[in-house]
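1. build me a model from this:
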Amino acid sequence: MNAIPRRSFVALAAASGLGLGLTGCSTPPASTASTGPDTTAVQLNQIGYLPGGAKWAAVRDVPANSFAIVDAATGQEAWSGPLGPARHWEPAQETLRLADFSGLRQPGRYRLQVAGLPPSAPFDIAADAYAALNTAAIKFFYFNRASVALDPVHAGVWARPAGHPDNHVLVHPSAAGPGRPAGAILSAPKGWYDAGDYNKYIVNSGVTVYTLLAAWEHFPQHFKAQDLNIPESGNGLPDLLNEVLWNLDWMLAMQDPADGGVYHKLTNKGFDGIVMPHEARSERYVVMKTTAATLDFAAVMAQASRVFAAFEAQRPGLSGRMLAAAHRAWAWAGKHPAVYFQQPADIHTGGYDDNRLADEFTWAAAELYITTRDDAFWRALPQPLPKMEPPGWASVGALAWISLAHHRDRLTPAADRQLIERQLLGSAETLAQRWVQSPYRLAMQQQDFEWGSNAVALNQALMLVQGYRLTGKPQHLDAAQAALDFVLGRHPSGYAMVTGFGTRSPLHPHHRPSGAAAQHPPVPGMIVGGSRPGGNDCKAPYPSQAPAKAYLDDFCSFTTNEIAINWNAPLVYVSAALQALTPASALP
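-> Here you go, the predicted structure:
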């Protein structure tokens with residue numbers, strides 16, 4: 001099946017009066033290999049590059065010694081350079097050569113050519129290269145809202161009735177407590193559907209909301225005037241914060257008012273079938289209070305409290321309510337420091353179970369310290385400090401240091417600024433050195449091609465961005481750019497891994513609304529999980545089991561083609577960060 005070019009998505013969106021970045025849902029018969037342009041011979045960012053940014057392509061090994069960049073419309077040469085030496089990259093199990101055209105800074109639409117190979121996919125060099133991508137990546141969250149109808153004004157042809165009102169949620173026996181016995185009814189509407197399923201999970205919401213709020217805290221100018229065309233647009237809040245509030249309001253409802261503990265998830269007993277949200281009518285439950293969920297909640301609410309303090313006029317009392325909720329959650333976790341999630345026998349949905357909680361305690365203590373300036377929270381940081389690694393739902397310690405570094409000029413004298421900077425710079429420098437040494441110019445190593453490998457790449461980029469923000473070292477920003485390039489098409493599979501963007505992007509994501517509405521292509525801006533060897537979830541064979549190429553664009557491939565809120569959040573952050581931080585170029 002031919003990939004649908006990005007411009008077709010744009011035309012479809014425009015026809016519905018939605019503007020760039022909005023499409024709908026699609027589903028697939030089993031997918032087949034694309035018969036469109038060969039995007040594996042010359043692998044590059046199919047969306048484009050910023051004029052002042054690093055620009056790399058990976059080229060199949062051929063006898064040619066040089067490459068040329070030509071105008072996509074006229075074929076006129078705009079740049080030429082030598083190909084790097086042939087080097088074997090084990091994650092792809094192939095030999096490749098690199099083309100560096102970072103010196104080309106003239107805006108335009110181009111292709112890369114190498115003798116003996118088909119020309120590359122077209123790409124742009126533009127000062128706003130990632131603006132549409134960033135908007136669509138945020139708008140994805142609107143399309144994944146629970147408990148509300150998506151109306152034609154904001155969703156166009158992808159409008160749908162409301163699903164999962166979640167105003168009649170049962171307390172599962174595992175979650176029973178004083179005032180809320182098993183079978184009691186509570187209301188917890190709103191929130192985002194977590195991934196390809198229709199359930200809502202506090203742990204995964206925590207890292208997602210943090211990443212979006214950090215994007216706001218770090219780059220507010222990028223988002224202040226952004227119009228997502230969502231129902232709240234124009235209400236006096238930036239649209240990024242409007243969207244995040246949809247999930248924060250749900251999270252607040254997941255705290256037990258009796259004791260401050262937080263339910264781990266709101267879920268069916270089993271996964272819904274491939275139906276639209278309003279067609280899924282199973283009973284919904286809150287399941288078990290856990291220390292991980294409660295600490296993630298405390299951290300996010302402390303962070304959100306300081307963000308929304310600036311918008312007291314728009315949401316009176318919200319900041320104070322969030323901070324009070326964070327304090328109560330922290331107190332509950334102190335009394336229950338090791339309540340680990342255990343899946344009840346009658347529940348068969350996602351677990352997000354985590355038995356290592358030093359990183360959660362670190363993150364929650366840091367956010368409460370920053371917001372309250374109470375030295376007791378600095379002293380509460382666990383000792384020894386947990387290992388630093390790029391963030392993910394089960395590893396949130398890095399989030400503490402990102403926040404502490406950003407706010408380091410307003411911390412109390414109790415804080416150790418050198419420690420804060422060391423924590424971040426050590427991680428960023430390690431990743432930058434991997435980028436330098438990689439035959440593919442990518443910090444990813446073979447073991448990083450796990451479930452959600454595209455998000456691993458983006459969270460590595462997020463850490464590299466912190467290194468650049470602290471030091472201004474170009475190598476850190478260039479390595480972050482390489483990670484974005486990777487998920488946007490400089491990828492051994494030949495795919496740009498974000499729906500609706502690039503010459504060859506996923507058409508069949510594992511996403512229930514996409515699977516239930518075959519008449520439209522998928523909503524653009526959803527990043528799929530990415531390559532992961534060992535998948536046996538489809539009858540169709542995977543094209544390769546090489547770690548970096550084990551990807552299948554098929555709805556059945558939940559191990560490589562599912563979407564998830566915590567994967568889209570770093571796409572939002574990194575695309576905004578590169579747009580905001582990449583030095584402007586003096587054009588000839």
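
2. please make it C-alpha for all contacts and neighbour counts, starting now.
-> OK.

3. next, count neighbours for residue 63.
-> 10 (other Cα atoms under 10 Å).

4. neighbours around residue 116, how many?
-> Neighbours of residue 116 (other Cα under 10 Å): 12.

5. for it, helix, strand, or coil?
-> Using DSSP: H, G, I helix; E, B strand; the rest coil, the structure places residue 116 in coil.

6. chain neighbours aside, what residue packs nearest to it?
-> residue 62 (7.0 Å; Cα to Cα, 6 or more residues apart in numbering).

7. again with residue 425
-> Nearest to residue 425 is residue 467, by Cα to Cα, 6+ apart, at 5.4 Å.

8. what's the following helix or strand after the worst-scoring helix or strand of the chain on mean pLDDT?
-> Comparing helices and strands within the chain by mean pLDDT, DSSP states H and E singles out helix 6-15 as the least confident, with a mean of 35. Moving toward the C-terminus from helix 6-15, the next helix or strand (DSSP states H and E) is strand 42-43.

9. direction included, what does that following strand pair up with?
-> According to DSSP bridges, strand 42-43 has the following sheet partners: strand 56-60 (antiparallel).

10. and the pLDDT at the residue nearest to residue 425?
-> On pLDDT, residue 467 comes in at 98.

11. burial check on residue 174, number of neighbours?
-> 16.

12. so what does the one helix or strand residue 477 maps to touch, helix or strand wise?
-> Here residue 477, judged by DSSP H and E, is contained in helix 474-487. The helices and strands touching helix 474-487, judged by 3 or more Cα pairs under 8 Å, 6 or more residues apart in numbering; DSSP states H and E, are helix 417-437, helix 453-471, helix 565-581.

13. show me the domain layout of the protein.
-> The chain breaks down into these domains under automatic domain parsing: 48-126, 131-485.

14. can you get me the start-to-end distance on the first one?
-> Between the opening and closing residues of domain 48-126 there is a gap of 7 Å (Cα to Cα, to the nearest Å).

15. what sits against the residue lying closest to residue 364 once chain neighbours are set aside?
-> Spatial nearest neighbour of residue 364, excluding adjacent residues (Cα to Cα, 6+ apart): residue 299 at 4.1 Å. Residue 299 makes contacts with 206, 326, 363, 364, 365, 366, 367, 368, as judged by Cα atoms under 8 Å, 6 or more residues apart in numbering.

16. got the contact list for the helix or strand hosting the first one?
-> It stands for residue 206. In the assignment (DSSP H and E), residue 206 maps to helix 202-218. By Cα under 8 Å, 6+ apart, the surrounding residues in contact with helix 202-218 are 194, 223, 240-241, 244, 247-248, 251, 263-265, 292-293, 296-297, 299-300, 303-304, 307, 352, 392-393, 396, 403, 406, 565-567, 569-570, 572-573, 576-577.

17. at 7 Å what do you get?
-> 223, 244, 251, 264-265, 292-293, 296-297, 300, 352, 392-393, 565-566, 569-570, 573 (Cα atoms under 7 Å, 6 or more residues apart in numbering).

18. now it, how far from the centre of its chain.
-> On the basis of Cα atoms, centre = their mean, to the nearest Å, helix 202-218 sits 10 Å off its chain's mean C-alpha point.

19. can I get the following helix or strand past that helix as PDB, trimmed to CA atoms?
-> Downstream of helix 202-218, the first helix or strand assigned by DSSP H and E is helix 220-223. C-alpha atoms of helix 220-223 as PDB (Å, rounded to 0.1, in the frame of the first residue of the first chain):
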ATOM      1  CA  PRO A 220       7.200  29.600  27.300                       C
ATOM      2  CA  GLN A 221       7.600  31.900  24.300                       C
ATOM      3  CA  HIS A 222       7.300  29.000  21.900                       C
ATOM      4  CA  PHE A 223       3.800  28.200  23.200                       C
END
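
20. can you list contacts of the helix or strand residue 246 falls within?
-> Secondary structure from DSSP H and E places residue 246 in helix 239-253. Here helix 239-253 makes contact (Cα under 7 Å, 6+ apart) with 142, 188-192, 202, 209, 223, 226-228, 232-233.

21. quick one: mean pLDDT over that helix.
-> 98.

22. mind listing what the helix or strand just after that helix pairs with, with the direction of each?
-> Using DSSP H and E, the helix or strand that directly follows helix 239-253 along the chain is strand 263-267. Strand 263-267 has the following strand partners under DSSP bridges: strand 200-201 (antiparallel), strand 285-289 (antiparallel).

23. relative to helix 202-218, how tilted is strand 263-267?
-> Put simply, strand 263-267 runs at 100 degrees to helix 202-218, going by axes from the mean of the first three to the mean of the last three Cα atoms, to 10 degrees.

24. so how far is strand 263-267 off the chain centroid?
-> 21 Å.

25. please apply the same query to stretch 217-235.
-> 18 Å.

26. quick check: end-to-end length of that stretch?
-> 20 Å.

27. okay, how far is it across stretch 388-395, tip to tip?
-> 9 Å.
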